[in-house]
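Asks: Structure for this input, please:
(chains A, B, C and D)
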Number of protein chains: 4
Amino acid sequence: MNETVEIGMGRTARRTYGLDDIGIVPSRRTRSSSKVSTSWQIDAYRFEIPLITAACDAVVSPAVATQVGKLGGLGVIDGEGLWARHANPQKVIDGIVALGPDAEATDVLAKLQAAYAEPVSIDLLTEAIGTLRNGGSTVAVRLSPQNAATLAPKAIAAGVEMLIIQGTIVSAEHVQDDGEALNLKSFIADLDVPVIVGGATNYQTATHLMRTGAAGVIVGTGSGSHATTSEVLGISVPMATAIADAAAARRSYLDETGGRYVHVIAAGDLHTSADIAKAIACGADAVMLGEPLTEAKEAPAGGWFWPTTAAHPILPRGFAGPCGFADVPLEQLLLGPAVSADGTSNLFGALRRAMAKSGYSDLKEFQKVGLTVRG
Amino acid sequence: MNETVEIGMGRTARRTYGLDDIGIVPSRRTRSSSKVSTSWQIDAYRFEIPLITAACDAVVSPAVATQVGKLGGLGVIDGEGLWARHANPQKVIDGIVALGPDAEATDVLAKLQAAYAEPVSIDLLTEAIGTLRNGGSTVAVRLSPQNAATLAPKAIAAGVEMLIIQGTIVSAEHVQDDGEALNLKSFIADLDVPVIVGGATNYQTATHLMRTGAAGVIVGTGSGSHATTSEVLGISVPMATAIADAAAARRSYLDETGGRYVHVIAAGDLHTSADIAKAIACGADAVMLGEPLTEAKEAPAGGWFWPTTAAHPILPRGFAGPCGFADVPLEQLLLGPAVSADGTSNLFGALRRAMAKSGYSDLKEFQKVGLTVRG
Amino acid sequence: MNETVEIGMGRTARRTYGLDDIGIVPSRRTRSSSKVSTSWQIDAYRFEIPLITAACDAVVSPAVATQVGKLGGLGVIDGEGLWARHANPQKVIDGIVALGPDAEATDVLAKLQAAYAEPVSIDLLTEAIGTLRNGGSTVAVRLSPQNAATLAPKAIAAGVEMLIIQGTIVSAEHVQDDGEALNLKSFIADLDVPVIVGGATNYQTATHLMRTGAAGVIVGTGSGSHATTSEVLGISVPMATAIADAAAARRSYLDETGGRYVHVIAAGDLHTSADIAKAIACGADAVMLGEPLTEAKEAPAGGWFWPTTAAHPILPRGFAGPCGFADVPLEQLLLGPAVSADGTSNLFGALRRAMAKSGYSDLKEFQKVGLTVRG
Amino acid sequence: MNETVEIGMGRTARRTYGLDDIGIVPSRRTRSSSKVSTSWQIDAYRFEIPLITAACDAVVSPAVATQVGKLGGLGVIDGEGLWARHANPQKVIDGIVALGPDAEATDVLAKLQAAYAEPVSIDLLTEAIGTLRNGGSTVAVRLSPQNAATLAPKAIAAGVEMLIIQGTIVSAEHVQDDGEALNLKSFIADLDVPVIVGGATNYQTATHLMRTGAAGVIVGTGSGSHATTSEVLGISVPMATAIADAAAARRSYLDETGGRYVHVIAAGDLHTSADIAKAIACGADAVMLGEPLTEAKEAPAGGWFWPTTAAHPILPRGFAGPCGFADVPLEQLLLGPAVSADGTSNLFGALRRAMAKSGYSDLKEFQKVGLTVRG
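Replies: Next up, the predicted model:
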């Protein structure tokens, strides 16, 4: 089917697909779950499950990040989050959540904006990274493209082993109003640690980001039920298409470089274990999860969620509110046994079983599983 | 994809798209919002934001129109609205709203019909235009095709600088039952002020309207959640397609005339800042907003809305009722900062950011941004 | 677009469209409503509006049928309905409605089945037809294919001027278990009155029914919100496609016979004035309305509705319950002014305006208006 | 239409259809219901209705299975269900249901898991089969692929006449972690009774299962409103496509073997009589029903339902809860008269009528009826 449609005379649009639009269809032998591996490796770091946490303060504290590492994933804290702005970030989070589920949205917004209006303190950031380092898991921190040049050296000096440079939409070539924009290529070349960068939304941007020397590229804007990029900006990135496009960029870049494999990390519209399996099936090497972690007992905001953009002072594109139940231990949330049958726990045990039922033994193979879309 | 489908043997229909069906996909560099311009110019008038208000009494009084002008847009009052029919129009509006949100629809309809049954008074119209003129913004008034011939000379004499001739659907060639129909071409040629005319719903009508000498053509029937053209008449104009078609007419007419650029104004299905961005992305030069202005503190009907057709004595095609919260200052509604994350405020700041995230620096360029439709 | 899809290997399905899937798009001049005619003629009978009532006891009594005739349409009573089974049918209807909106569905079903278990009485049928004849409008009665051979002679003797032979699905060639099936062709040839027959659901059946000598063919199973043919049998007839197919059969048959024009009557999924306009736009010559008449003050069941199939003793395919408000005089319901803006009143005034806005002056022309489907 | 879509660059998906997406369209003569046969035969066993019960403890006890046989279908009990694990299974079921409709899902899950944690007892299984045998209907039992090798000989010794080997997804070649996987081909060859095996989800798997020597292949994962394979694993099998594919496999295998006809049993998304008719229309020889039987007065769990997977200790993929009303005698549920008009009773009388209205006289012919999908 021709995937370009003419929406009006002389104006075309591309037909795209979200994870909700697709399904996995087993089409070969089956195998036992125990015969399946969900491990992956990026740079020198190997992980047992293809999970990178979204750097969202509501779900990832340094303690959570450490525990995610122990469970086989990569925990990431927000280097410009509350951990770097407040001496007692948990108290700030508690203050937001104390507004309660029935609070006026404007009141929650005001409180959130106030919390993030405090400046980032290098000392607090260093301290948070120290806590991470003491935890013994891989130390990863997210910075914004705007502040990466300033903050990255300090963060690395403090012990960061992997850097995530992430904005809603990041391009390799940003036109800035004052001063110089971040030159990602030279910036990454100068760093001693692997960098994951994004979000990209299409083949071209993903390719350009791969050419910056990044170890991984994030696909998607981290959209979820609490993010409103689509309602505010009209920008929407159906994830099945975006992931497949980035995987195509990965293949082209692999060929172009004679062998450099840049990992594709899916970030957006990931709610259940089914979504995780579908994201891998579309070509992702790993998934970045935020909202699903609100089910974890250990989540700092006790089940509330807000995306990073929710606190924007001029154009917030997300909101804070109750999301998960925060009543499942993180280990059980990720590795099972499941506490329910709705795909919200045993997230990676379910991935393992989806692979087994479809007859695939590792993630790389599973990226070729048969897909369906609904007629 | 072939965009004509056979709905039955020998009967075809065209596949069309609404703004809800499409998304914007960034595909290049990004830029800072401050490096973006949202200005546009029609005839001798330049505006900082591509906003024309719908001439709806519930949201636009002469005072609101003036303030919209000061904020960079074009405010339009209904020359056949309550301002031209009642000495104290605000009292009439208050009386309608006083029926309350739980009033029987038939009671509201009766009250509305009674209010608009009063004849248009040239004196009152002149007075309203005088108020506008004193306000210092561009003076624009909407008239119906039926009454334009009679009222336009008086309105222009009173100081109108731009005329909007608008009905649900307007064609360049109207067959009337008694007397002569309005000959738009000679009518417009005889006027000293630029004319914007519509709504058109397709390429042919838009082209014919451009040939009347209009400075701008309105695309769409002004449909929204309070208009029911589709439920009553079966006529529906998916706006993404309608806008793209009108933009194609603009290009053809530009070529045909060797350079006359007729502006395309989108009017219909515009609810959020995302819709505004998408309308421009489909090819509109500006948007005509009605319902979204019910969020403004200054809206005369305190959050209620009714389209012009709602008071029709025989076949009403819209209803009056609560729509917005009327609690955001107009300036903040249009230019920010946003009071929420749902795309209902900072409408044009969001447009600016959507352009920036997609890497475009002005409206004309942004009409080429990548679009998606959902599979 | 190829309108056949392969739902699985070697198994195809046809892509079909309902009235909800399509829209009317004006694409030419506009005209005043008063310059539009909605009249049509079948056999020797001319009607000002293209309305045939469904023969549903809940909405059409002999009195209602008479009044519909006076308002320009064709009223039809069910020759096997309560009017032919009970001496005091209104009392029976009142008894059903008295169960109230919260009654158990099984109780309503039982009462309905009991009411229709009474045998048809020739005397009562004759009496009802007499009432109709005295009313002075065209006398039309519906009979089932099963009983037409027996009842038609008596009905015609009693004064019926037009016969409607209607079942859920009727074919020209029915295989029956005992005795001989009705031979429609010889049956119709032997009658002195014009016959309308159906429902047909596709081109072939419609063609065969036209060849029986019928003056009109009903398209559709009369489906509505109270009919459940689709839920019970899996049979669904998207009306836009079904009407267009029947119109194609009409054209072929017209050619085949060198000029015999068989009228296409749309029966199904007609809820609003928009649906009526769309049905004509798809190729119907007239519409058969049941449920929409529950808004009429004169409706015998005071707003309740049940399709004929609802009382089936073994496999009911519809249910009885509240549907409309029964508070609009029939005249206003059909001819306006509208009492609301939702397309449920002034049904044929709205059709007239839809034609006017689209620039068509009669029904036959309007069958060519531009159509859209949503992407 | 090309049924492969490119969801992203270089990544395709197949366009598939569920039973909800399709409709049956009569396109020929009609016939009386009494002229229709719904009988079918598998191996030496002939049935009057194409019904195999799902082996779900909530709806099928040995008593229910016997009665289904007497009504013309095939009742199947779960050989690893509560009947084989508890001396008093009804008491266990009553204990689950006693938790009530408002119980916490986690409490229900725990109770369910505990009930199924009891080991299968050969004695209890033998006893249950004995009860079945005494009932006089065809004796059929379901076993899982994991336990079939161990349990099948005992079950057959106890009197089983037909064996159902069923898991969510079963392939002819399973890769197991410890010990040897079941070799279906040699296993079936060694048995004295016909075997039905599944679920298969596509042409290849269905073909391979047919080659094992099975008498019938189950298509689908038994999905329903209480199963969550799609939410948990991302695996979804739109049934219209899956059935048509399996029917294609049946044709190929028939050709390949010069005449061995393997029956296709549809299991999944079957809620109403309409769904049954559509499944046959897509190519199924019979349907496997679970949830719809919760309407039966005789259902052991009084209207509750849970799929076999609901009690999984690590990754449950379904939940237990109220589903039907358990107030219609089984005979009436299957053969009528219907107690309502929503397609939930007189399930096979409705199938018969759908065939009659479409003009087909037996199931095999009806597999060719015209189908539609909605545009």
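Asks: Next, work out how far apart A:E104 and B:I235 are.
Replies: 40 Å (C-beta to C-beta, to the nearest Å). Where you see a C-beta, it was placed from the backbone N, CA and C, and this is true even at glycine.
Asks: ok, these two, which is more surrounded?
Replies: B:I235 (27 against 10; other C-beta atoms under 10 Å in any protein chain shown).
Asks: low-confidence ranges in chain A?
Replies: A:1-2, A:175-180 (pLDDT under 70).
Asks: got the contact list for the residue of it found nearest chain D?
Replies: Minimum separation of chain A from chain D (C-beta to the nearest C-beta) falls at A:A244, amounting to 2.2 Å. Listed by C-beta atoms under 8 Å, 6 or more residues apart in numbering or on different chains, the contact set of A:A244 reads A:C282, A:G283, D:I7, D:G8, D:M9, D:G10, D:R11.
Asks: how does it look with 7 Å?
Replies: A:C282, A:G283, D:I7, D:G8, D:M9, D:R11 (C-beta atoms under 7 Å, 6 or more residues apart in numbering or on different chains).
Asks: Report whether it is found in a helix, as I expect.
Replies: Yes: when DSSP: H, G, I helix; E, B strand; the rest coil is applied, A:A244 is found to be in a helix.
Asks: What sits closest to it if chain neighbours are left out?
Replies: Nearest non-adjacent residue to A:A244, counting by C-beta to C-beta, 6 or more residues apart in numbering or on different chains: D:G8, 2.2 Å away.
Asks: Next, find the distance separating the one you found from B:D21.
Replies: 19 Å.
Asks: When the two are compared, which one has more neighbours?
Replies: Remark: of D:G8 and B:D21, D:G8 carries more neighbours, 26 against 21, as counted by other C-beta under 10 Å.
Asks: For that one, name its beta-bridge partners.
Replies: D:R11 (DSSP bridges).
Asks: Tell me which other helices or strands the longest strand along chain A touches.
Replies: Using DSSP state E, we find that the single longest strand of chain A is strand A:216-223. For strand A:216-223, the elements it packs on are strand A:195-200, helix A:203-210, helix A:229-233, helix A:239-256, strand A:263-268, judged by 3 or more C-beta pairs under 7 Å, 6 or more residues apart in numbering or on different chains; DSSP states H and E.
Asks: And the helices in chain A?
Replies: Using DSSP state H, the helices of chain A run over residues A:62-70, A:89-97, A:105-117, A:122-135, A:145-157, A:184-190, A:203-210, A:229-233, A:239-256, A:273-282, A:330-335, A:347-358, A:363-366.
Asks: Could you check the angle the second one makes with helix A:122-135?
Replies: Note on geometry: by axes from the mean of the first three to the mean of the last three C-alpha atoms, to 10 degrees, helix A:89-97 and helix A:122-135 are set 100 degrees apart in direction.
Asks: Which residues outside helix A:89-97 are in contact with it?
Replies: Contacts of helix A:89-97 (C-beta under 7 Å, 6+ apart): A:D57, A:L82, A:W83, A:H86, A:K111, A:L112, A:A115, A:P300, A:A301, A:G302, A:W304, A:A320.
Asks: and the fourth one, what is it in contact with?
Replies: The reference is to A:H86. Neighbour list for A:H86: A:V92, A:E118 [criterion: C-beta under 7 Å, 6+ apart].
Asks: now stretch A:80-98: how far from the chain's centre is it?
Replies: Offset of stretch A:80-98 from its chain centre (C-alpha atoms, centre = their mean, to the nearest Å): 21 Å.
Asks: got the buried residues for it?
Replies: Judged by neighbour count using 16 or more other C-beta atoms under 10 Å in any protein chain shown, the buried positions of stretch A:80-98 are A:E80, A:G81, A:L82, A:W83, A:A84, A:R85, A:H86, A:P89, A:V92, A:I93, A:I96, A:V97.
Asks: Near chain C, which residues of the stretch 251-375 of chain A are found?
Replies: With the criterion set to C-beta under 7 Å from any C-beta of the partner chain, the stretch 251-375 of chain A comes near chain C through A:G375.
Asks: hang on, the earlier thing: so which of the helices and strands packed on strand A:216-223 is nearest D:Y45?
Replies: Proximity of the helices and strands packed on strand A:216-223 to D:Y45 was assessed by C-beta to C-beta; the nearest stretch is helix A:239-256, lying at 44.9 Å.
Asks: Now do the buried residues in the closest one.
Replies: A:239-250, A:252-253.
Asks: Please convert those to TSV, extending it with distance to C:L371.
Replies: Listed next are the buried residues of helix A:239-256 as TSV, based on distance: C-beta to C-beta, whole Å:
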residue	distance to C:L371
A:M239	34
A:A240	31
A:T241	30
A:A242	34
A:I243	37
A:A244	34
A:D245	35
A:A246	39
A:A247	40
A:A248	38
A:A249	41
A:R250	44
A:S252	43
A:Y253	46
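Asks: which residues touch the residue nearest the centre of chain A?
Replies: Residue closest to the mean C-alpha point of chain A, counted by C-alpha atoms, centre = their mean, is A:M288 at 2.9 Å. Going by C-beta under 7 Å, 6+ apart, A:M288 touches A:I52, A:A54, A:I218, A:I265, A:A266, A:A267.
Asks: how many other residues sit next to A:P153?
Replies: Each residue near A:P153 was counted by other C-beta under 10 Å, and the total is 12.
Asks: Please apply the same query to A:D43.
Replies: If we define neighbours as other C-beta under 10 Å, then A:D43 has 14 of them.
Asks: I'd assumed A:G222 was in contact with A:V237.
Replies: No: using C-beta atoms under 7 Å, A:V237 is not in contact with A:G222; the gap is 9.9 Å.
Asks: Mind listing the shared neighbours of the two?
Replies: With contacts taken as C-beta under 7 Å, 6+ apart, A:V237 and A:G222 have A:G268 as neighbours in common.
Asks: hey, what's the nearest residue to A:G79 once chain neighbours are set aside bridged with?
Replies: Distances taken as C-beta to C-beta, 6+ apart put A:V141 closest to A:G79, at 4.1 Å, once the chain neighbours are dropped. Counting by DSSP bridges, A:V141 forms beta bridges with A:I77, A:L163.
Asks: Next: A:V195.
Replies: Here A:V195, judged by DSSP bridges, has bridge partners A:L163.
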